[in-house]
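Engineer: can you look at this prediction? I've put the sequence above it.
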Amino acid sequence: MEDLHTDGDQGALFEVEGQLSEEEALFLEESTGIGSVSRSVGEIATPLRARSFVSIGEPIVYDLTKFLAKCADPVPADIQLQTKHYEFYQVQLSCSFQAASGCRFHDARFALRLETLPDNPNKPAQASLGNAIAYDLYPQKVEDEYKVSIKRGINPQLTLTSDPFSPGISLPLYEGTEEYIVYKGYIEAFDLQGTQPAWSFTRTSSHEIGGPYKLFLVIRKPKGTQVKASLSLTTHVQFMIGKLALDPLPLVMIFRRGRNNPVIVDNPTVPLC
């Protein structure tokens, strides 16, 4: 295995197109009127049928021990203790989100299913060593922080008096403000040290889901094996009417391999290490 491994043509590994199902689009047209006047003969062209895109880049794979040696960094002790039976690879993944005009991504989930295969089919790897796993994931969790203020008070003012014709004594209005911090998830990893690692993206009040993201995992695989990954992507979008966001709806995702000669792929897979 070389220090750096990539597979396939240059540029994006997969271009993924997302679109509302026809049933969802018709329902929204009837219930909201979005795009109901934008029809042309022989083709329905409405904002609800615009396509959103996700680009999945070529994985960049390094032999982790060689990579650390190049960086003059020590190999962690926990990895050194396992190198008799296992090999470790760092995999850099990337995905870029571009929502269609008039909508925004509400959430997305990018997942891999790791499959462990013998290097030599005639000489299977030791079953006792198990399968390849996502030994480490990055980022594991990214959070937004924002403050919420709560105001407490007694209102209206209370007046104490023993004589209705005498001036009363007014108790001052009590008012206090209390601040506390709320965390809202933005990116969250799943299945650390498992075979189906994934990252979930959630829109927050301060971050949209858009543009490129770099994702990293360290794969531990038994010696004498190779690893490939099946990819999956699920997304929900919100269509906007002015500043009003409609309820999230799922997109039907279609994988196309490459940019120069895109071909629809039913089961997107990629060799890793």
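Structural biologist: Perfect, thanks for sending it.
Engineer: where along the chain do the helices fall?
Structural biologist: Using DSSP state H, the helices of the chain run over residues 22-32, 64-70, 77-80.
Engineer: between the ones you listed, which gets nearest to P197?
Structural biologist: helix 64-70 (16.0 Å; Cβ to Cβ). All C-beta atoms are positioned from the backbone trio N, CA, C, and that covers glycine.
Engineer: show me what the closest one is packed up against.
Structural biologist: strand 86-98 (3 or more Cβ pairs under 8 Å, 6 or more residues apart in numbering; DSSP states H and E).
Engineer: buried residues in the strand it packs on?
Structural biologist: Residues of strand 86-98 classed as buried by neighbour count (16 or more other Cβ atoms under 10 Å): 86-91, 93-95, 97.
Engineer: and it, what does it pack onto?
Structural biologist: Counting by 3+ Cβ pairs under 8 Å, 6+ apart, strand 86-98 packs on strand 52-57, strand 60-63, helix 64-70, strand 103-118, strand 211-222.
Engineer: I'd like the ones you listed as a markdown table, with distance to F14 appended.
Structural biologist: Putting these into a markdown table (distance: least, Cβ to Cβ, whole Å) gives the following:
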| stretch | distance to F14 |
| --- | --- |
| strand 52-57 | 4 |
| strand 60-63 | 15 |
| helix 64-70 | 25 |
| strand 103-118 | 11 |
| strand 211-222 | 14 |
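Engineer: for P262, find the nearest of these.
Structural biologist: Comparison of the helices and strands packed on strand 86-98 against P262 by Cβ to Cβ identifies strand 52-57 as nearest, at 11.7 Å.
Engineer: paired strands for that closest one, with orientation please.
Structural biologist: strand 12-19 (antiparallel), strand 86-98 (antiparallel) (DSSP bridges).
Engineer: so where is the stretch 51-200 of the chain shaky, pLDDT-wise?
Structural biologist: The model of the stretch 51-200 of the chain has pLDDT under 70 over residues 123-128, 145-185.
Engineer: still on that earlier bit, relative to N120, which of the helices of the chain is closest?
Structural biologist: Per Cβ to Cβ, nearest to N120 of the helices of the chain: helix 64-70, 22.5 Å.
Engineer: would you mark the buried spots in that closest one?
Structural biologist: In helix 64-70, counting by 16+ other Cβ under 10 Å, buried: 64, 67-68.
Engineer: ok, stretch 71-84 next?
Structural biologist: Here stretch 71-84 shows I79 as buried, counting by 16+ other Cβ under 10 Å.
Engineer: tell me where the stretch 101-250 of the chain has strands.
Structural biologist: Taking DSSP state E, counting those that start in this stretch, the strands of the stretch 101-250 of the chain run over residues 103-118, 133-138, 141-153, 159-160, 169-170, 175-190, 198-202, 211-222, 225-241, 244-245, 249-250.
Engineer: switch these over to JSON lines; also include mean neighbour count and distance to E15.
Structural biologist: Formatted as JSON lines, these follow (neighbours: other Cβ atoms under 10 Å; distance: least, Cβ to Cβ, whole Å):
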{"stretch": "strand 103-118", "mean neighbour count": "19", "distance to E15": "14"}
{"stretch": "strand 133-138", "mean neighbour count": "20", "distance to E15": "25"}
{"stretch": "strand 141-153", "mean neighbour count": "10", "distance to E15": "25"}
{"stretch": "strand 159-160", "mean neighbour count": "9", "distance to E15": "72"}
{"stretch": "strand 169-170", "mean neighbour count": "10", "distance to E15": "70"}
{"stretch": "strand 175-190", "mean neighbour count": "12", "distance to E15": "22"}
{"stretch": "strand 198-202", "mean neighbour count": "20", "distance to E15": "18"}
{"stretch": "strand 211-222", "mean neighbour count": "18", "distance to E15": "14"}
{"stretch": "strand 225-241", "mean neighbour count": "19", "distance to E15": "11"}
{"stretch": "strand 244-245", "mean neighbour count": "12", "distance to E15": "26"}
{"stretch": "strand 249-250", "mean neighbour count": "17", "distance to E15": "19"}
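Engineer: reformat the ones you listed as TSV; add distance to P74.
Structural biologist: Below are the strands of the stretch 101-250 of the chain laid out as TSV (distance: least, Cβ to Cβ, whole Å):
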stretch	distance to P74
strand 103-118	27
strand 133-138	16
strand 141-153	26
strand 159-160	75
strand 169-170	72
strand 175-190	25
strand 198-202	28
strand 211-222	15
strand 225-241	25
strand 244-245	49
strand 249-250	46
